[in-house]
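Peer 1: pasted the sequence and its predicted model underneath.
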Amino acid sequence: MLDTQKTTPITANTPNTNANQPLSQTANGGVSQDSKNLVIINWLGCLFAGFIPPLVLMLIKKDDAYVQQQSKEALNWCITFFIGYIVLWIVAMILGFILGMIFGPLAALPMMIVGLIAFSHPVFCIMGTVKGSSGANFKIPFNLRLIK
């Protein structure tokens, strides 16, 4: 069957049919390079400056769904990590004191566990940076979703 629809060539006067498309998406449905760059800044900022860069991007880039989603994920991760790290540090101090009373070298074990937990922050931030550079959504599995 032949296609009987008339096609018009694209010229400078042709209206943009993608005018209602979100700014974060390109014509083929992918994520724009600007959005990818902002997500990279978001996750690296989370790594080096804490919750400030994700919060700023979440408040400024309201028109970009991809940046919004990733900045909320990074902000939730910063909050989750901070709460978890403080709680684990307090538990490690108490447990270290108790274990130190039993046998001195055992007091170092809880602090080693806190050190391993602290290593998760740069790992997840780098994973978010790598996923963000390709335009993929990145979700941390055990993140508290406080900001929706």
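Peer 2: Sure, I can see it. All values derive from a computational prediction rather than experimental measurement.

Peer 1: all contacts plus neighbour counts: C-alpha atoms, from now on.
Peer 2: OK.

Peer 1: measure Met58 to Pro122 for me?
Peer 2: 21 Å (CA to CA, to the nearest Å).

Peer 1: and the lengthiest helix in the chain, what does it pack against?
Peer 2: In the chain, taking DSSP state H as the definition, the longest helix is helix 65-102. Packing partners of helix 65-102 (3 or more CA pairs under 8 Å, 6 or more residues apart in numbering; DSSP states H and E): helix 33-49, helix 52-60, helix 108-118.

Peer 1: let's go with 6 Å and repeat that
Peer 2: Contact analysis of helix 65-102 by 3 or more CA pairs under 6 Å, 6 or more residues apart in numbering; DSSP states H and E lists helix 52-60, helix 108-118 as its packing neighbours.

Peer 1: what is the burial count for Phe124?
Peer 2: Neighbours of Phe124 under the rule other CA atoms under 10 Å: 18.

Peer 1: mind listing what's buried along the strand or helix carrying it?
Peer 2: Element membership for Phe124 (DSSP states H and E) is helix 120-134. Neighbour counts over helix 120-134 (16 or more other CA atoms under 10 Å) mark 121, 124-133 as buried.
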